[in-house]
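J.: dropping the sequence and predicted coords here.
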Amino acid sequence: MQRKYLVVFLALVLIALSLSSCEKVITPDPIVGDNNIWHTPEAGTRYVYAGTSKDTVTYQGETGAQESRISKSIVVLDPDTAFQGVSNLMFISTLNGTNFVGISTNGDFVRNINNPADPLWYALPTGSKSTIYGPNVDTMIDNTYLTISRVAEYIGEDTLIIHGKTLNAVHVREIESYNQSSPSSSYDRQSWIDYWYVPELRYFGRMETYRQHNQDGYLWNERLEERLVLSTK
């Protein structure tokens, strides 16, 4: 009986995780013409992504799995605002708040999820094509020890086909190790994210995420595959 309740619990956790992170799947509007789909991003530009989410949860030897279709939309709020060596800075509105994203002076894609005045910018080597280390964190907060190790790598040039149009893309990869531990608890997360940056859209045409979580013996693996299906104004 206890085993049965545990399986039900894992299934409910997976469903809750899926529902909390996904919008209703969006079916792209029919293509009327290139002018309605492809243009320089400006305020009001909306990127729509569709893909799949696969979650696996393991606890005390019991494993539950959940797979679902997902979609999300990202809206450009205020493009072309230069700030601290960042040209073509755009504000991107997401479900989780506002990201400040753009291209640095050497062509690397950068983002900051808090405030453009924050010095902690995350960079992807879309222009420099050189390995980027950090930002890294090694600190104590109250009684919790926190470490973050990050590296971003250039993989190569690629192409994506979106709505029958072939677009040039830059393939980069981000690897992050996150760990926090206290006398009573511990949490570890390993992340691998592949990005295909499309210069013509000034954003990503495809993203693939794999994460492993371990919190006090509770194991959770997640895979996200997202592709751009529509860019509209």
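T.: Nice, I can see it. Just so it is clear, the structure is predicted and the values come from calculations on it, not from any experiment.

J.: could you pull out the helices for the chain?
T.: 2-21, 34-37 (DSSP state H).

J.: worst mean pLDDT among those helices?
T.: Among the helices of the chain, helix 34-37 has the lowest mean pLDDT, at a mean of 37.

J.: now the strands for this structure?
T.: Applying DSSP state E to the chain gives strands spanning 46-59, 62-76, 86-94, 97-104, 109-112, 122-124, 132-133, 137-141, 144-162, 165-181, 186-198, 203-215, 218-232.

J.: turn those strands into JSON lines, including mean pLDDT.
T.: Shown next, in JSON lines, are these (pLDDT from 0 to 100):
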{"stretch": "strand 46-59", "mean pLDDT": "91"}
{"stretch": "strand 62-76", "mean pLDDT": "91"}
{"stretch": "strand 86-94", "mean pLDDT": "83"}
{"stretch": "strand 97-104", "mean pLDDT": "86"}
{"stretch": "strand 109-112", "mean pLDDT": "90"}
{"stretch": "strand 122-124", "mean pLDDT": "93"}
{"stretch": "strand 132-133", "mean pLDDT": "94"}
{"stretch": "strand 137-141", "mean pLDDT": "89"}
{"stretch": "strand 144-162", "mean pLDDT": "94"}
{"stretch": "strand 165-181", "mean pLDDT": "94"}
{"stretch": "strand 186-198", "mean pLDDT": "95"}
{"stretch": "strand 203-215", "mean pLDDT": "94"}
{"stretch": "strand 218-232", "mean pLDDT": "91"}
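
J.: near the closest residue to residue 219 other than its chain neighbours, how many other residues are there?
T.: Here the nearest residue to residue 219 in space, its sequence neighbours aside, is residue 58; by C-beta to C-beta, 6 or more residues apart in numbering that works out to 4.2 Å. To be clear about C-beta, it is placed using only N, CA and C from the backbone, and glycine gets the same treatment. Per other C-beta atoms under 10 Å, the neighbour tally for residue 58 reads 16.

J.: which residues are in contact with residue 58?
T.: 218, 219, 220 (C-beta atoms under 8 Å, 6 or more residues apart in numbering).

J.: alright, calling it a day.
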